[in-house]
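Trainee: A predicted structure for the sequence below; I have some questions about it.
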Amino acid sequence: MTQKIVWAVVFVSITLCSLCSVVAAEETVPDWIYDTEWTVRGVSVSADSALVAAGGDDGTVTLLGPDGEVRWEENARAKVNSVSVAPNGSAVGAASSDNRVYLYEIDGKKRWSYLLPGRGFGVALADGGKYVAAGGSDGRVYLFDGEGEVLWKYKSGDDLLCTAITPDGSRIAAGSADNQVYLFERSGALLWTKAIFGDVLGVSISPDGGYIAAGTSEGGVYLFSAEGELLWETRAGGSVTSVSMTEDARNVAIGSLDRTFVVLEKDGETLLTGETGAGIRAVALSSDGLSLITGDNDGVVQGYTMATAKPTETPIEVPTAAPTLETTVSTGTLVVSSDPAGAAVYIDNLLVGRTPVTVPDRAPGNYSVTLELEGYEPWSGEVQVQAGTTTPVNGTLTPRPETTQTRAGAPLPVMALFGTALAAVAIGLKKKD
C-alpha cells in the first residue's frame, strides 16, 4: 500500500512538472519570426504593437507589421546599430556605422540624415520624430529637431552607446562607455549622471519619465528613479545589450548575450524568462507591456505576446515634464562673448551656441565655460551664476602659433647635403682633369 502511495506521489509530481513546463513554454513561444540572416543590433516597437523596426549588419532598416510581415526596407551604407519607431507609429529613426543618423517617414521615405563625426550607435524618437536623440563614437549625445537641426549636444567621456527619450521629448537618457548613465532635460540641461559598473550598452526611460533603466557589459541591470535614486540592481548571465520598459516601469525587459531574455517586475523580481538560439542584441517592450520583440546574433527577429502582462485599464496622460524635477529657485543669465567672435560656447561640456550668445535660465552655482574657435587656442574659465542677475563672460582667444611642418621642412637639409655632395664631386673631377 505504501509503495502504491509513493508511486502515486511521483506520478502526480511528474505530471505537475510537465504541465508547468508546458505553461512556461507557451508563454515564451514567439507569435512570429522574421529572419534577416545577419546580426540584428536594434529593434523597436510602436506603443500599440502594430509596427516593429529592425536593423543590423546587413545595413538595412526594416519596418515590419504586427505579424512580422515586411512593410518596407531602406539601405544605409554600413551596419545599422540602432533603430526607433516613434511611439505613435508615425516615423522611424536609425543610427548607422556610416556615421549617419536617419529619420524616415512611416512609408519609408527619408525625411533627413545627419552626418556625425563618428559612427552612430544610438537613436530614439519622440513626438512623431519632432525630437530625435542620438549618440555615437564621438562621445556626444545629440538632440535634433524634426528637420534634422541640432538643438544641442553634450560630450561624455567615451563612446555614447545608447539613448532613450520620453514620448513627449521632455527627458533624454543616455549611456556611455565611460560607465555613466546621463539624464537630460529637453533644453539640454544635465539633471544627473550616475556611475555604474561596465560600459552602458542599453538604456531605457519609462514613457512617463519616472524611471530610467540601464544594462552593462558586465551583466548589471539597474533601475533609477527620475531623481537619480538607485531603486535596485540585479545581474544577468551575460553582457546586457539592451533594456526596455513599460509605463511606470511595471515591467523591465532585458536582453543578454547568454541568449536569454528576462522580464522583471517593478521591484526587480523575475516575471518571465525565455531563450533564443543566439546571443540577444536587442529587446523592445510595447508601452502597455503586451508585446516583446527580440533580435539576436543569428539575424532572427521574434515577436511575443506577453500573457503575463497587466494591461492599463485607463488611458495614461504623459505629462509635458516631470513635476518632481522642475526647479522652483530663481535663475540667472550668462552673456558670453569672445574676441574674435564666432567661438563655440560650451557650458559644463554642453554646446549652447556661438559668441555672442545669451544663455538664460541657469540655476545659481558655478559653471565651467569653454570657448573654441578654429585657429585659436581654447579658452576656459569658471563663472558663478547668481539668481536674478546677468553675468557677463568674455574670453580673449590666442592664435595658435604656426608650426613648421616636418614633411615640408625635411627636404631642405637633404637637398643641401645633396648639393654639397655634387659640388665635391665636381671639384674632384676638375682636379683630376
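Mentor: Sure, I can see it.
Trainee: list the buried residues for stretch 335-355?
Mentor: For stretch 335-355, a neighbour-count test (16 or more other C-beta atoms under 10 Å) marks 336-338, 343-348, 350-352, 354-355 as buried. For the C-beta atoms, the positions are set from N, CA and C on the backbone; glycine is no exception.
Trainee: mind putting those residues in a markdown table, secondary structure and distance to Tyr114 included?
Mentor: Listed next are the buried residues of stretch 335-355 as a markdown table, based on DSSP: H, G, I helix; E, B strand; the rest coil; distance: C-beta to C-beta, whole Å:
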| residue | secondary structure | distance to Tyr114 |
| --- | --- | --- |
| Val336 | strand | 26 |
| Ser337 | strand | 29 |
| Ser338 | strand | 27 |
| Ala343 | coil | 23 |
| Ala344 | strand | 18 |
| Val345 | strand | 21 |
| Tyr346 | strand | 20 |
| Ile347 | strand | 23 |
| Asp348 | coil | 24 |
| Leu350 | strand | 18 |
| Leu351 | strand | 15 |
| Val352 | strand | 19 |
| Arg354 | strand | 19 |
| Thr355 | coil | 24 |
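Trainee: now, which of these sits nearest Val45?
Mentor: Leu350 (31.3 Å; C-beta to C-beta).
Trainee: who's that closest one bridged to?
Mentor: Beta bridges link Leu350 to Tyr154, Ile347, judged by DSSP bridges.
Trainee: relative to Leu272, how far out is it?
Mentor: 40 Å (C-beta to C-beta, to the nearest Å).
Trainee: Gly89 too?
Mentor: Separation of Gly89 from Leu272 (C-beta to C-beta) stands at 25 Å.
Trainee: more neighbours, those two?
Mentor: Leu272 (20 against 17; other C-beta atoms under 10 Å).
Trainee: over to the more buried one: give its phi and psi.
Mentor: phi -160, psi 140 (degrees, to the nearest 10).
Trainee: partner strands of the helix or strand where Ala173 lies, with direction?
Mentor: Using DSSP states H and E, Ala173 sits within strand 171-176. Sheet pairing here is set by DSSP bridges, and for strand 171-176 it gives strand 160-165 (antiparallel), strand 180-185 (antiparallel).
Trainee: from the buried residues of stretch 335-355, which is closest to Gly238?
Mentor: Leu350 (34.5 Å).
Trainee: returning to what we had before: most tightly surrounded among the strands paired with strand 171-176?
Mentor: When the strands paired with strand 171-176 are scored by mean count of other C-beta atoms under 10 Å, the highest mean neighbour count falls to strand 160-165 (a mean of 29).
Trainee: which residues touch that one?
Mentor: 82, 121-126, 131, 133-141, 171-177, 199-205, 212 (C-beta atoms under 8 Å, 6 or more residues apart in numbering).
Trainee: show me where this structure dips below the pLDDT cut-off.
Mentor: Applying pLDDT under 70 to the chain picks out residues 1-27, 307-329, 403-433.
Trainee: repeat the analysis, applying 80 as the threshold.
Mentor: Residues of the chain meeting the criterion pLDDT under 80: 1-28, 307-330, 349-353, 360-361, 402-433.
Trainee: which residue ranges of it form helices?
Mentor: Counting by DSSP state H, the chain has helices at residues 2-28, 406-409, 411-432.
Trainee: Ala363 is nearest to which of the strands paired with strand 171-176?
Mentor: strand 180-185 (11.3 Å).
Trainee: give me the contact list for that closest one.
Mentor: In contact with strand 180-185 (C-beta under 8 Å, 6+ apart) are residues 141, 143, 154, 156-157, 170-176, 190-196, 200, 203, 205, 212, 214, 222, 224, 226, 228, 321, 325.
Trainee: now, of the residues you listed, which are buried?
Mentor: 141, 143, 154, 156, 170-176, 191, 193-194, 196, 200, 203, 205, 212, 214, 222, 224, 226, 325.
Trainee: of the contacts of strand 160-165, which belong to strands?
Mentor: 82, 121-126, 131, 133-136, 140-141, 171-176, 200-205, 212 (DSSP state E).
Trainee: list the buried residues in stretch 229-240.
Mentor: Residues Thr234, Ala236, Gly238, Ser239, Val240 are the ones in stretch 229-240 that count as buried (16+ other C-beta under 10 Å).
Trainee: show me what contacts the first one?
Mentor: Taking C-beta under 8 Å, 6+ apart, we find Thr234 in contact with Gly220, Val221, Leu264, Gly268.
Trainee: now tabulate those in TSV and tack on distance to Glu147 and neighbour count.
Mentor: Shown next, in TSV, are the contacts of Thr234 (distance: C-beta to C-beta, whole Å; neighbours: other C-beta atoms under 10 Å):
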residue	distance to Glu147	neighbour count
Gly220	38	18
Val221	36	23
Leu264	38	23
Gly268	41	14
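Trainee: so which of those sit within strands?
Mentor: Going by DSSP E, the strands hold Gly220, Val221, Leu264 from those.
Trainee: Gly56 versus the last one, what's the distance?
Mentor: When you say that, I think you mean Leu264. Note on Leu264: its distance to Gly56, by C-beta to C-beta, is 26 Å.
Trainee: any idea how many residues pack against Gly375?
Mentor: 8.
Trainee: quick one, phi/psi of it?
Mentor: According to degrees, to the nearest 10, Gly375 has phi 90, psi 0.
Trainee: do you know how far it is from Thr294?
Mentor: Relative to Thr294, and taking C-beta to C-beta, Gly375 is found at 50 Å.
Trainee: repeat that for Val283.
Mentor: Noted for Val283: a distance of 5 Å to Thr294, by C-beta to C-beta.
Trainee: pick out whichever of these two has more residues nearby.
Mentor: Taking other C-beta under 10 Å, Val283 and Thr294 do not tie; Val283 has more neighbours (28 against 23).
Trainee: quick check: that one touching Ala236?
Mentor: No - using C-beta atoms under 8 Å, Val283 is not in contact with Ala236, being 11.5 Å away.
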